[in-house]
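> Curious how this folds, go ahead:
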Amino acid sequence: MGEVMAKIKRSLLLLAKAIVATCAMEAFAQPADEDVLWSSPEFDVTVRDVKWYMKSPITADGEYLWEQPQKVQRAITDLMTLRVLEVEADKAGVMSEEEKQWVASYRVAMAAVSRYVREQAMGMMESVDWEQAAKEYYLAHPDEFVEPEARTVRTFLLRLHSRTEDEALALATGLAPKTLSQEDFRSVVLDNTEDEAAGDGLMEGLTVGQTVQPFEDAVFSLSSIGEISDPFVSQFGVHVAQLLAISPERQQTFDEVAAQITEEVKQKRWQEFNNYLRGEPQRSPPIDVVELADNVDALLEFADARQRAFQKEQMRAIEASRP
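Now for the predicted structure:
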């Protein structure tokens with residue numbers, strides 16, 4: 001009974017907190033975009049500025065999704081700092097009005113192009129049959145979806161800290177005669193391995209390239225289940241391995257890799273669509289966009305001549321600096 005009452009009290013407490021939170025939200029008025037957060041004779045920082053600066057998402061109802069108060073506070077402080085430094089930069093005359101206008105125009109163009117390309121690419125993505133695209137990729141690249149042969153072995157290790165290599169080889173030979181059963185070999189491993197992390201020495205799903213070369217050579221030279229290798233040496237010490245299972249190389253089915261392929265194809269197509277859209281004006285300029293070739297050629301020739309002259313000036317300066 002006591003546990004039931006405790007659960008009821010806890011549920012009522014959670015409900016009360018939810019009601020309080022809801023009422024608290026309703027108690028706060030939505031800030032107006034024009035509300036000023038920082039003010040000076042030279043600038044204001046408004047709620048609208050913070051919204052544009054943070055670029056948080058908008059709900060389906062058109063409501064701005066504010067982030068955590070700490071992030072909002074940071075954005076407000078960043079904007080105030082930016083405006084103060086902008087005023088100081090203006091006083092110092094670091095940019096002409098013409099340059100300001102060009103930078104503003106360029107940044108607006110870049111932002112507009114990025115948004116336009118993103119929206120157009122999203123529309124192109126929605127028109128793709130992704131299952132069909134994934135199947136086409138799977139059929140065109142079968143070699144990418146082959147599981148290599150894998151082997152499961154059990155092994156023990158004798159380290160060389162307290163014995164010579166010959167002593168370790170002799171000990172391993174005595175511990176693991178070729179006639180040992182799988183269960184007996186496991187007992188040998190449990191009683192004698194000096195690999196602290198090995199447990200019973202089971203290593204599953206080994207493929208080419210996963211282990212050191214001496215270990216790989218020994219394991220993949222075994223041909224029958226239960227076969228025990230000769231002792232072999234690696235940089236870790238002396239090993240003996242017993243083959244427990246072989247999983248042959250196989251072609252993965254489409255269903256096994258469909259999700260992986262779809263994700264990879266989506267990423268590739270997204271980049272392709274973006275590159276295509278950004279390069280389209282170069283491939284096929286609008287009919288009313290005309291290149292004034294003579295002016296372009298004149299500019300390129302001047303740039304080339306100026307570069308050559310600059311290089312000559314550098315060479316003369318180097319020659320003059322030599323003793």
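
> just the strands in this protein please.
Taking DSSP state E as the criterion, the chain contains strands spanning 36-39, 44-46, 146-147, 150-158, 202-206, 232-234, 237-247, 250-251.

> Report all helices and strands that the last one contacts.
In this structure, strand 250-251 makes packing contacts with strand 146-147, judged by 3 or more Cβ pairs under 8 Å, 6 or more residues apart in numbering; DSSP states H and E. From N, CA and C alone the C-beta is placed, and that goes for glycine too.

> in its sheet, what does the strand it packs on sit against?
Applying DSSP bridges to the sheet, strand 146-147 is found paired with strand 250-251 (antiparallel).

> Can you tell me what sits against the strand it pairs with?
142, 145-147 (Cβ atoms under 8 Å, 6 or more residues apart in numbering).

> Are any of those buried, and if so which?
Phe145 (16 or more other Cβ atoms under 10 Å).

> Go through the contacts of strand 250-251 and name the one nearest Lys91.
Phe145 (64.1 Å; Cβ to Cβ).

> residues in contact with the closest one?
With contact taken as Cβ under 8 Å, 6+ apart, Phe145 is in contact with 138, 251-252, 256-257.

> Now render these as CSV, adding pLDDT.
As requested, the contacts of Phe145 are exported to CSV (pLDDT from 0 to 100):
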residue, pLDDT
Tyr138, 97
Gln251, 97
Gln252, 96
Glu256, 97
Val257, 97
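
> ok so, going back, the strands of the chain: which one's closest to Tyr116?
Closest approach to Tyr116 among these (Cβ to Cβ): strand 44-46, 26.8 Å.

> any weak-confidence spans in the chain?
Scanning the chain for pLDDT under 70 picks out the ranges 1-28.

> quick check: domain ranges of the protein?
Following automatic domain parsing, one finds the domains of the chain at 1-30, 31-94, 98-146+260-300, 149-248.

> Let me know which of the ones you listed is tucked in deepest.
domain 149-248 (a mean of 16; mean count of other Cβ atoms under 10 Å).

> end-to-end on it?
4 Å (Cα to Cα, to the nearest Å).

> Trp66 is in contact with Ser56, isn't it?
Yes. Proximity of Trp66 to Ser56 meets the contact threshold set by Cβ atoms under 8 Å, at 6.5 Å.

> Now do the residue nearest the centre of the chain against Asp143, distance only.
By Cα atoms, centre = their mean, the mean C-alpha position of the chain lies nearest to Gln267, the distance being 11.9 Å. Separation of Gln267 from Asp143 (Cβ to Cβ, to the nearest Å): 20 Å.

> before we move on, what about Asp255?
Distance, Asp255 to Asp143, using Cβ to Cβ: 18 Å.

> if I pick the residue nearest to the centre of the chain, what's in contact with it?
No contacts exist for Gln267 under Cβ under 8 Å, 6+ apart.

> if I pick the residue lying closest to Ala121 once chain neighbours are set aside, what's in contact with it?
In space, and not counting its chain neighbours, Ala121 is closest to Phe273: 4.1 Å by Cβ to Cβ, 6 or more residues apart in numbering. By Cβ under 8 Å, 6+ apart, the contact set of Phe273 is 120-121, 124-125.

> can you map out the helices along the stretch 51-200 of the chain?
69-92, 97-126, 130-140, 165-175, 182-192 (DSSP state H, counting those that start in this stretch).

> Nearest approach to Val233 belongs to which of these?
So among those, helix 165-175 is nearest, using Cβ to Cβ, at 6.2 Å.

> For the closest one, name the packing helices and strands.
strand 150-158, strand 237-247.

> of these, which approaches Asp35 most closely?
Of these, nearest to Asp35 by Cβ to Cβ is strand 150-158, at 64.5 Å.

> what sits up against the closest one?
So strand 150-158 is contacted by 168, 171-172, 175-176, 182, 185-186, 188-189, 192-195, 198, 200-207, 215, 219-220, 222, 236-247 (Cβ under 8 Å, 6+ apart).

> out of the strands of the chain, nearest to Arg278?
Using Cβ to Cβ, the nearest of the strands of the chain to Arg278 is strand 44-46, at 33.6 Å.

> Show residues contacting the closest one.
By Cβ under 8 Å, 6+ apart, strand 44-46 touches 33-39, 76, 79-80, 83.
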